[in-house]
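Asks: next input, structure requested:
(one chain, ligands or ions: 2)
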Amino acid sequence: MKQDETMKVKRYDDTNVNPDFVAERKKCTFNIELLTNIIDGSSYLTETRRQAQLAVLNNESFSNLPDRYYASRDEAYAQNIRKSAAYIKLLKEDKSISRAESYFMQCLIFPNEVPPFSLHTTMFTPTFESMADEEQKKLWMPRIENYEILGTYIQTEMGHGTNVRGLETTATFDPSTDEFIIHSPTLTSIKWWPGGLGKTCNCAIVMASLITNGRNEGIHPFIVQLRDFETHEPLKGGLTIGDIGTKLGFHGMDNGFVKFDQFRIPRRNMLMKSAKVTRDGTYQKEKKLEKLKYGSMVFVRAMLVFNQAGQGLAQAVTIAARYSCVRRQSEYAPGQEEPHIIEYQAQQHILFTELAASYIFYIAGNKLRELYFTMNYDIQKGDLSDLPELHALSAGLKALTLDEAVVGIERCRLICGGHGYSAASGIPKIYTEVVAACTYEGVHPVLYLQTARYLLKVYQAALLSSSASSLPDNQSSKYIFRHLHSERPRFHFPLSFVEIVEAFERRALMCIEKASKKLDGLLATGRPHHEAWNYSACYLIRAAKAHSHVYLTSSVHEQLETVRQEDAGVYTVLGQLFELYALKSIVDHAVEFIESCGITTDQINICIERIEALLLNIRPNVLPLVDAFDFPDRLLGSALGCYDGNVYQRLYEYALNSPLNKSTVNVAYFVYYIAINIS
Ligand SMILES: CCCCCCCC/C=C\CCCCCCCC(=O)SCCNC(=O)CCNC(=O)[C@H](O)C(C)(C)COP(=O)(O)OP(=O)(O)OC[C@H]1O[C@@H](n2cnc3c(N)ncnc32)[C@H](O)[C@@H]1OP(=O)(O)O
Ligand SMILES: Cc1cc2nc3c(=O)[nH]c(=O)nc-3n(C[C@H](O)[C@H](O)[C@H](O)COP(=O)(O)OP(=O)(O)OC[C@H]3O[C@@H](n4cnc5c(N)ncnc54)[C@H](O)[C@@H]3O)c2cc1C
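Replies: Numbers count the residues shown, from 1 in each chain. Ligands and ions are numbered 1, 2, ... in the order given. Here you go, the predicted model:
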């Protein structure tokens, strides 16, 4: 990115900071900058992010006016389009902007929003790059990279989302014209939900059932132009396109629908890397590459762990923590000043356990992102051996971390009392964005079941093997082999970090064993496989959750081992957060740990006591620990969570800006009450 000499705006306003915050920050016992570097991945990435954020703050085109919480849907969409145009213009003009820089910029330009063009970068382009053949890439990629083509990813239909194989849209090959005819045969086959489809994108990858020579060959991807490149009008020839209307959140996003009515596209618009239809209508496929078509779902699921679960929860925690250090309430000691609400143990228990969870999701999410890029390198070269592992891991972790994050975000809102319910707190916006991710890219029961399917296969393999050596080191399920053939250790309390990881592994192994037994038991009674599978779902889902917890604890433990060599202060606080998250999970799932690890209820009580001790340990560092996330105020968009702690002044300004305050007597009130009473 070109450096701008005129950069003047600071990321924080560090003048006029609330004195309570100054006192809180003095209590810090560790090096905040080092922790920030760990969260970002390196000091280089911290610096890159800060430069990118400064570039956004210094550029007036990226302002959030009209106020994002008062904007109507029309205004919210228009604002996103204005900012998108400025952002894309910048990317086109400054080719030195790296991928990382553009990512950091995008997060701040569209705070807690998925902007209308985002499907272009997260799904459309990756799917095209992965599924198109070399000739197709040469033809299309320059216009895709140049944003002349702005694409979305069209898969879900009004009647089918989860069951991708059940999609009804057809792409029938017509050899007389060398074209595919895309068609929505029913109301339920209308494509529904794709981001940016309603008003913004001019092209799309459309997933449809390929029919050639009278045979249905299953779901395949096609690149389809939807709008005229000059006028942006929907193309003629059988397209009805629109916006699907108001949703829980995503107000600035035009999630859309499209009905295809015998719409024709050239044969070569089918993406032909792993399967193709020749000029005479012959269908050929490379079976080994078949699952590549699901690749972009794996990509986004893997990214959502750090991007939505980690970052979303961390933002809500930052807001709740800062507010808790400002807000005073209730008489604690008779006759004395009201304490900050952070001093109440009940507040600490919620806040600090969510703080711990946000660190765990962030750090494990970063590791998963790295793993994705490492494994995907081979996958794209045609070696798909790591794909099942990557699919199982990303599906389970997407589900588990987002399930826990949305509950955590809501808990953070609740511990802010009444002001948490105001949009000005920033938390409602974070919640509506993050909870969307619980639905898109796959609903969670379905994703857990995908993970469980993989785990049972690994378990079966482990039963037949006597060592773990047959699994590569990067496989997260290697513990199944290791523990299946080894004695359960005696756990000592309080648990060491190494013991914590092993306890999670033992619990997961037990859940997998139980799921396997349940399934086998039902099969043994003569039930067909699909029925036995369905009635084992509760066991299978428990196994998938337990396995995902193993990845969270083991990957953060691995990070802790590195930090231990680097800095004692950071190691201590990160270790406290790790322990708190782990012990709370053990207490929450006590029955499973008692049964799998041979521990007692008394030992669970030791964990409960230890949690209380950890709350006291974490207390002095609470503000520095959220400062380490290094979120600019603009990203948080919160009167309660700003860096300077001037909560009440900002709340008052927010209220004064309410559109309802533009007049002293409201027009509607005048018309329906005063005018009627007068007559
Ligand atoms: C540094 C960069 C940072 C970037 C940051 C980015 C942040 C992003 C933030 C914000 C942007 C996002 C904005 C919104 C985007 C929203 C987009 C959408 O929502 S698009 C719609 C998604 N739709 C679903 O997810 C449907 C869910 N359904 C499915 O996934 C499948 O169809 C499923 C799993 C239910 C299929 O089930 P079956 O049983 O019918 O499977 P069969 O198709 O027959 O396949 C069976 C085999 O394929 C494997 N498989 C299934 N899915 C796989 C996959 N994804 N990858 C690999 N293998 C897969 C299975 O494990 C199985 O393998 P075996 O036979 O056991 O070996
Ligand atoms: C904000 C948002 C953005 C989106 N963006 C896009 C996009 O860009 N492109 C796109 O193509 N799609 C998009 N989607 C669609 C999204 O991917 C689907 O909504 C999602 O995959 C779920 O499908 P469905 O809505 O049909 O739910 P269904 O599949 O009908 O599921 C409904 C419920 O039934 C249960 N269920 C269903 N099947 C099973 C099963 N096999 N086992 C157990 N339980 C089951 C689950 O509880 C599930 O929640 C978006 C959705 C949202 C909310």
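
Asks: give me the pLDDT for the residue of the stretch 451-600 of the chain found nearest ligand 1.
Replies: As assessed by CB to the nearest ligand atom, ligand 1 sits closest to residue 453 within the stretch 451-600 of the chain, at 5.4 Å. (Each C-beta comes from the backbone N, C-alpha and C, glycine too.) For residue 453, the pLDDT comes out at 98.

Asks: same check on residue 678?
Replies: For residue 678, the predicted pLDDT is 61.

Asks: isn't residue 174 up against residue 181?
Replies: Yes - at 5.7 Å, residue 174 counts as touching residue 181 under the criterion of CB atoms under 8 Å.

Asks: so which of these two has more stuff around it?
Replies: residue 181 (18 against 14; other CB atoms under 10 Å).

Asks: determine the three-state secondary structure at the more buried one.
Replies: strand (DSSP: H, G, I helix; E, B strand; the rest coil).

Asks: picking that back up, identify the contacts common to residue 174 and residue 181.
Replies: Both residue 174 and residue 181 are contacted by residue 264, under the criterion CB atoms under 8 Å, 6 or more residues apart in numbering.

Asks: got the contact list for residue 213?
Replies: 173, 281-283.

Asks: just those: which are in strands?
Replies: The strands, defined by DSSP state E, take in 173, 283 from the contacts of residue 213.

Asks: list the buried residues in the helix or strand harbouring residue 37.
Replies: Under the criterion of DSSP states H and E, residue 37 resides in helix 32-40. Going by neighbour count (16 or more other CB atoms under 10 Å), the buried part of helix 32-40 is 32, 34-40.

Asks: hang on, the earlier thing: how close does the residue of the stretch 451-600 of the chain closest to ligand 1 get to residue 339?
Replies: 51 Å (CB to CB, to the nearest Å).

Asks: picking up where we left off before, element containing the residue of the stretch 451-600 of the chain closest to ligand 1, please.
Replies: helix 444-464.

Asks: identify all contacting residues around that helix.
Replies: 162, 301, 388-389, 391-393, 395-396, 398-400, 402-403, 438, 470-471, 475, 477, 480-481, 484, 512-513, 515-516, 519, 537, 540-541, 543-545, 547-548.

Asks: and the residues you listed near ligand 1, which?
Replies: Counting by CB under 6 Å from any ligand atom, 162, 388, 391 from those sit close to ligand 1.

Asks: closest to residue 124 out of the buried residues of helix 32-40?
Replies: residue 40 (27.4 Å; CB to CB).

Asks: for the closest one, which non-adjacent residue is closest in space?
Replies: Closest residue to residue 40 apart from its sequence neighbours, by CB to CB, 6 or more residues apart in numbering: residue 46 at 4.4 Å.

Asks: need the pLDDT of the one you found.
Replies: Note on residue 46: pLDDT of 97.

Asks: how close does it sit to ligand 1?
Replies: Residue 46 is 15 Å from ligand 1, where distance means CB to the nearest ligand atom, to the nearest Å.

Asks: quick check: that residue touching residue 38?
Replies: No - Residue 46 is not in contact with residue 38 according to CB under 8 Å; the separation is 9.5 Å.

Asks: residue 175: what's it in contact with?
Replies: Residue 175 makes contact with 279-281, according to CB under 8 Å, 6+ apart.

Asks: try 6 Å this time
Replies: By CB atoms under 6 Å, 6 or more residues apart in numbering, the contact list for residue 175 reads residue 281.

Asks: and the pLDDT for it?
Replies: So residue 175 comes in at 98 (pLDDT).

Asks: quick one, the helix or strand hosting residue 498 and helix 444-464 angle?
Replies: Assessed by DSSP H and E, residue 498 sits inside helix 497-524. Taking axes from the mean of the first three to the mean of the last three CA atoms, to 10 degrees, helix 497-524 and helix 444-464 form an angle of 90 degrees between their directions.

Asks: other SSEs contacting helix 497-524?
Replies: In terms of contacts (3 or more CB pairs under 6 Å, 6 or more residues apart in numbering; DSSP states H and E), helix 497-524 is packed against helix 444-464, helix 478-484, helix 529-534, helix 537-566, helix 590-597.

Asks: and the residue nearest to residue 40, how many neighbours does it have?
Replies: 18.

Asks: for residue 577, see how far away it is.
Replies: 19 Å.

Asks: quick one: secondary structure of residue 115?
Replies: Secondary structure, three-state DSSP: residue 115 is coil.

Asks: nearest spatial neighbour of it, skipping sequence neighbours?
Replies: Nearest non-adjacent residue to residue 115 (CB to CB, 6+ apart): residue 80, at 5.1 Å.

Asks: now residue 98
Replies: Residue 98's closest residue in space is residue 1 (CB to CB, 6+ apart), at 6.9 Å.

Asks: wait, that neighbour sits on residue 95?
Replies: No - applying CB atoms under 6 Å as the test, residue 1 and residue 95 come out as separate, 10.1 Å apart.

Asks: next up, the contacts around the residue of the stretch 551-679 of the chain found nearest ligand 1.
Replies: Nearest residue of the stretch 551-679 of the chain to ligand 1: residue 635, at 14.9 Å (CB to the nearest ligand atom). Shown in contact with residue 635 (CB under 6 Å, 6+ apart): 108, 111.

Asks: that one: which element?
Replies: Per DSSP H and E: helix 633-636 holds residue 635.

Asks: residue 16 too?
Replies: Here residue 16 is covered by no helix or strand, with elements defined by DSSP H and E.

Asks: identify the residue spatially nearest to it, adjacent ones excluded.
Replies: Nearest to residue 16 is residue 644, by CB to CB, 6+ apart, at 6.0 Å.

Asks: around ligand 1, which positions in the protein sit nearby?
Replies: Checking the chain against ligand 1 by CB under 6 Å from any ligand atom, the hits are 103, 114, 118, 122-123, 153, 155-156, 161-162, 164-165, 195, 291, 294, 297-298, 300, 303-304, 307, 387-388, 391, 440-442, 446, 450, 453.

Asks: quick one: which of those residues sit in strands?
Replies: Using DSSP E, the subset of those located in strands is residue 153.

Asks: now, of the residues of the chain next to ligand 1, which are buried?
Replies: Buried among the residues of the chain next to ligand 1 by 16+ other CB under 10 Å: 114, 118, 122-123, 153, 155-156, 161, 164, 195, 297-298, 300, 303-304, 307, 387-388, 391, 440-442, 450, 453.

Asks: which ones among those residues also lie next to ligand 2?
Replies: Among these, ligand 2 is touched by 153, 155-156, 161, 195, 440, 442 when using CB under 6 Å from any ligand atom.

Asks: quick one: contacts for the residue nearest to residue 98?
Replies: Contacts of residue 1 by CB under 6 Å, 6+ apart are 96-97, 101.

Asks: highest neighbour count among the residues you listed?
Replies: That'd be residue 101 among the contacts of residue 1, by other CB under 10 Å, with 19 neighbours.

Asks: can you confirm it is in a helix?
Replies: Yes - counting by three-state DSSP, residue 101 is located in a helix.

Asks: wouldn't it be in contact with residue 53 here?
Replies: No - Residue 101 lies out of contact with residue 53 (CB under 6 Å); the separation is 9.9 Å.

Asks: show me how this structure divides into domains.
Replies: If you go by automatic domain parsing, the domain ranges for the chain are 19-116, 124-285.
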